[in-house]
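**Student:** Structural data only, the sequence is not supplied:
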């Protein structure tokens, strides 16, 4: 890179991603990949919470008023099943936890600030 010219690491990727997101097929696949990541995180969290309480799937299912099959489907990251918020809330209560769902909207200034720490000469 020429001296004196500054670049944000990741800015090329962001431009590439913005361009790719115009493609409807890519957008669907990207969305599926994000859902898969959420599913894996959810499966791991429920599995970990259940084991930390010393519960079997059957016990958790009874306490959450669902079936062992549903628990198995939720805990298996390879099965693309995402439970409803109602089921998640019952599962959280059954393991003595609180369900917390959040959406974080980053403002343009925050994104620029985050990228400004990655600037190199």
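**Tutor:** The structure has been received and is ready for your questions. It should be emphasised that the depicted structure is a prediction, and the values quoted were computed from it without experimental measurement.
**Student:** Every contact and neighbour count from this point should use C-alpha atoms.
**Tutor:** OK.
**Student:** show me where pLDDT drops low in this protein?
**Tutor:** Scanning the chain for pLDDT under 70 picks out 1-10, 107-121.
**Student:** where do the helices sit along it?
**Tutor:** In the chain, the helices defined using DSSP state H lie at 11-20, 24-52, 57-63, 68-75, 85-94, 108-116.
**Student:** starting at the chain centroid, how far to the first one?
**Tutor:** The gap between the average C-alpha position of helix 11-20 and the chain average comes to 21 Å, counting by Cα atoms, centre = their mean, to the nearest Å.
**Student:** again with the fifth one
**Tutor:** Mean-position distance between helix 85-94 and its chain equals 17 Å (Cα atoms, centre = their mean).
**Student:** Out of the helices of the chain, the one nearest residue 100 is which?
**Tutor:** Closest approach to residue 100 among the helices of the chain (Cα to Cα): helix 85-94, 8.8 Å.
**Student:** helices or strands next to that closest one in the packing?
**Tutor:** helix 57-63 (3 or more Cα pairs under 8 Å, 6 or more residues apart in numbering; DSSP states H and E).
**Student:** Same list (the helices of the chain) but as CSV, adding mean neighbour count and distance to residue 102.
**Tutor:** Shown next, in CSV, are the helices of the chain (neighbours: other Cα atoms under 10 Å; distance: least, Cα to Cα, whole Å):
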stretch, mean neighbour count, distance to residue 102
helix 11-20, 11, 23
helix 24-52, 15, 13
helix 57-63, 17, 24
helix 68-75, 18, 20
helix 85-94, 17, 12
helix 108-116, 11, 18
